[in-house]
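Asks: Provide a 3D model corresponding to the input given below.
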Amino acid sequence: MLQELTEEELVQVLTQPRNALHKQYKQLFAMSQASFGITQAALRAVARKARDKGTGTRSLRTIMENLLADAMFEIPETAPKAAASGNKLAVLLNEESVVNNTGARIVTEEEMRAAVAADETAASSTATNVCDAPAEPIAAEVH
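Replies: Take a look at the predicted model:
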């Protein structure tokens with residue numbers, strides 16, 4: 001009998017395979033000169049949504065696309081203009097935006113890095129980090 005994947009296993013599917021969804025979105029936003037950050041709490045919230053739907057990994061892409069749709073259309077136009085004026089933009093997906101289904105926010109890269117770092121600090125202080133993802137922030141680097 002097949003068992004449903006756990007929340008931790010769904011987070012691993014989002015972050016660890018070579019073609020993991022978060023890596024795909026990092027590349028997508030990097031093509032528009034923007035960074036992408038997702039907090040550990042947001043990853044867990046996405047995994048919970050997938051579990052609640054009962055469709056496991058099949059719903060991960062749909063959930064992520066719904067949360068990132070507005071940013072995917074806005075960033076290609078706004079990020080290059082911001083970069084030209086010396087301001088680097090980022091797309092931030094945090095737990096609040098997943099739970100409230102408000103979608104990702106477009107912020108400065110500094111704001112995104114601060115939010116990801118604060119979430120990692122909170123996760124490590126409560127020892128609830130559910131995946132063995134790299135310790136580095138999950139953000140695209142654009143050179």
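
Asks: could you check the distance from Glu65 over to Ala20?
Replies: When C-beta to C-beta, to the nearest Å is applied, the distance between Glu65 and Ala20 equals 15 Å. C-beta here means a position set from N, CA and C on the backbone, and glycine is covered the same way.

Asks: Check Ala123 too.
Replies: Separation of Ala123 from Ala20 (C-beta to C-beta): 19 Å.

Asks: residues making contact with stretch 79-90?
Replies: Judged by C-beta atoms under 8 Å, 6 or more residues apart in numbering, the contacts made with stretch 79-90 from elsewhere in the structure are 29, 32-37, 75, 78, 106-109, 111-113, 139, 142.

Asks: Tell me the gap between that stretch and the middle of its chain.
Replies: The chain centroid and the centroid of stretch 79-90 are separated by 20 Å under C-alpha atoms, centre = their mean, to the nearest Å.

Asks: mind checking the end-to-end distance for that stretch?
Replies: Across its full length, stretch 79-90 reaches 8 Å between end residues, using C-alpha to C-alpha, to the nearest Å.

Asks: which residues touch Ser125?
Replies: No contacts exist for Ser125 under C-beta under 8 Å, 6+ apart.

Asks: Now do the buried residues in the strand or helix carrying it.
Replies: Element membership of Ser125, judged by DSSP states H and E, is helix 109-126. Under the neighbour-count criterion of 16 or more other C-beta atoms under 10 Å, helix 109-126 has Glu109, Met112, Arg113, Ala115, Val116, Asp119, Glu120, Ala123 buried.

Asks: same deal with stretch 16-36?
Replies: Going by 16+ other C-beta under 10 Å, stretch 16-36 has these buried residues: 20-23, 25-26, 28-30, 32-36.

Asks: Asn66 and Val98 touch, don't they?
Replies: No - here Asn66 lies out of contact with Val98, judged by C-beta atoms under 8 Å, at a distance of 10.0 Å.

Asks: Alright, I will stop here.
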